[in-house]
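Trainee: what follows is a predicted structure for the sequence shown.
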Amino acid sequence: MPVDRLGELDWNLVRTFVAVAQSGSLAAAARELGLAHPTVARHVQNLEAALGFSLFDRRATGLSLNDAGRQLVDSARSMLEGARAFELASRTASAAEGGLVRITASEFVADVFPELLAPLRRAGDRGLINIELLIANDLLNVLQGEADIAIRHVEPQQQELVCRRLAGLPAGLYASRSYVAERGVPDLAGMEQHWFIDGVRTPRLARAARRMGYDIAKDQFVFRTDSFAGRVNGAEAGWGITVVPAHVAASRPKLVRVLGDVPFSEIEMWLVGRRDVRTTPYLRDAFTTSGEMLNEFVAGLAGEIRPPPLAAPQSEG
């Protein structure tokens, strides 16, 4: 694309350029943005093609800005900051009329969200709130506006985010009744004799096992998929043992809990939002209600007292 057509430039390319410039590698930028490595590489290539010159020096240790890249990176950062400021201003201006809230969540909790968030779908002083529920195996980037609110299962590291820790989602290790009948009841002493199911890019079970000091060999993970439904279906089909939240296992009569003596009892949950969940009324409603409803849902599952409902995030004065 010639330079005189830069008005048609995809702003996602600029966002990726800034992330690569700051991190120094495609892989690190991919993790930050929640994108696949090839997508980040393609964004950089497309931006350089649009400009008609390269922005980085390619080295064995990663990418570093060349002279042209250094001249453009500050302007690119300013462009992104301006876009975020404009979006925040537009949200605040229209807050009295309600609006659209984009919530990203894993398959762990996505099936219960429509019922939990029903109180948000109401007419009131702030108007109607519409919900877009985004199911993502990769972490959508809240800071970059890919979602307004996220339910995460690892503690967020970005200080710019508003974060609340929620009650942990009750979970355990499950296998099918047919698997147990064929291979016996799993126990800690004989774990090397059993098969396991895990994620590909997010091997939650393998990581938890390492943290707890259990050694599961790579060849024991006989089925891997980043689809939660795929892992549960795989367990039901007899492939092996996997992590399943208690509320999901309760509706799957083919599954039975195993390895109950392993100290794995819950999946962390964090409620995450951008700073405008403090200042935009309908986003504040959605943020607070999401946390309260999830905590109440977990309390009902566990049959015990859980942390009290979250207080609404306060405006910074």
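Mentor: Arrived safely, thanks for sending.

Trainee: tell me the SS of Y214?
Mentor: Taking DSSP: H, G, I helix; E, B strand; the rest coil as the rule, one finds Y214 in the coil state.

Trainee: now do the contacts for it.
Mentor: The neighbourhood of Y214, defined by CB atoms under 8 Å, 6 or more residues apart in numbering, consists of L188, M191, V262. Placement of C-beta: from N, CA and C, glycine included.

Trainee: count the neighbours of the second one for me.
Mentor: Residues lying near M191 (other CB atoms under 10 Å) number 18.

Trainee: swap in the last one?
Mentor: Around V262 sit 17 other residues, with neighbours defined as other CB under 10 Å.

Trainee: ok, now the one 4 residues further on?
Mentor: Using other CB under 10 Å, the number of residues around E266 comes to 15.

Trainee: all further residue positions should be reported with the first residue as 577.
Mentor: Sure, I'll start counting at 577 from here, so that last one is E842.

Trainee: now it, nearest residue through space, not along the chain?
Mentor: Once its chain neighbours are removed from consideration, E842 has its nearest residue in G744; the separation is 3.2 Å (CB to CB, 6 or more residues apart in numbering).

Trainee: what does the pLDDT read for that neighbour?
Mentor: Among the per-residue scores, G744 holds a pLDDT of 89.

Trainee: what about it, distance to R728?
Mentor: Taken as CB to CB, to the nearest Å, the spacing of G744 relative to R728 amounts to 13 Å.

Trainee: ok, now R807?
Mentor: As for R807, its distance to R728 is 19 Å (criterion: CB to CB).

Trainee: and these two? Which one has more around it.
Mentor: Set side by side, R807 and R728 give different neighbour counts by other CB under 10 Å, the larger being at R807 (24 against 19).

Trainee: per-residue confidence at the closest residue to A681 other than its chain neighbours?
Mentor: Of all residues beyond its chain neighbours, the one nearest A681 is I727 (4.2 Å), with distances taken as CB to CB, 6+ apart. The predicted local confidence for I727 comes out at a pLDDT of 89.

Trainee: and for L639?
Mentor: Confidence per residue is given as pLDDT, and for L639 that number is 85.

Trainee: helix or strand for it, which one?
Mentor: L639 is located in strand 638-641, with elements delineated by DSSP states H and E.

Trainee: find residues that contact each of G744 and R728.
Mentor: Overlap between the neighbourhoods of G744 and R728 consists of M845, taking contacts as CB under 8 Å, 6+ apart.

Trainee: how close does M788 sit to V820?
Mentor: Spatial separation of M788 from V820 under the definition CB to CB is 17 Å.

Trainee: can you list the residues that contact stretch 588-602?
Mentor: The contact list for stretch 588-602, computed with CB under 8 Å, 6+ apart, reads 605, 608-609, 611, 613, 616-617, 619-620, 622-623, 626, 631-632, 638-641, 645, 648-649, 652-653, 655-656, 720.

Trainee: just the helices from the stretch 577-726 of the chain, written as ranges.
Mentor: Along the stretch 577-726 of the chain, counting by DSSP state H, counting those that start in this stretch, helices occupy 587-599, 602-609, 613-627, 643-669, 683-686, 689-692.
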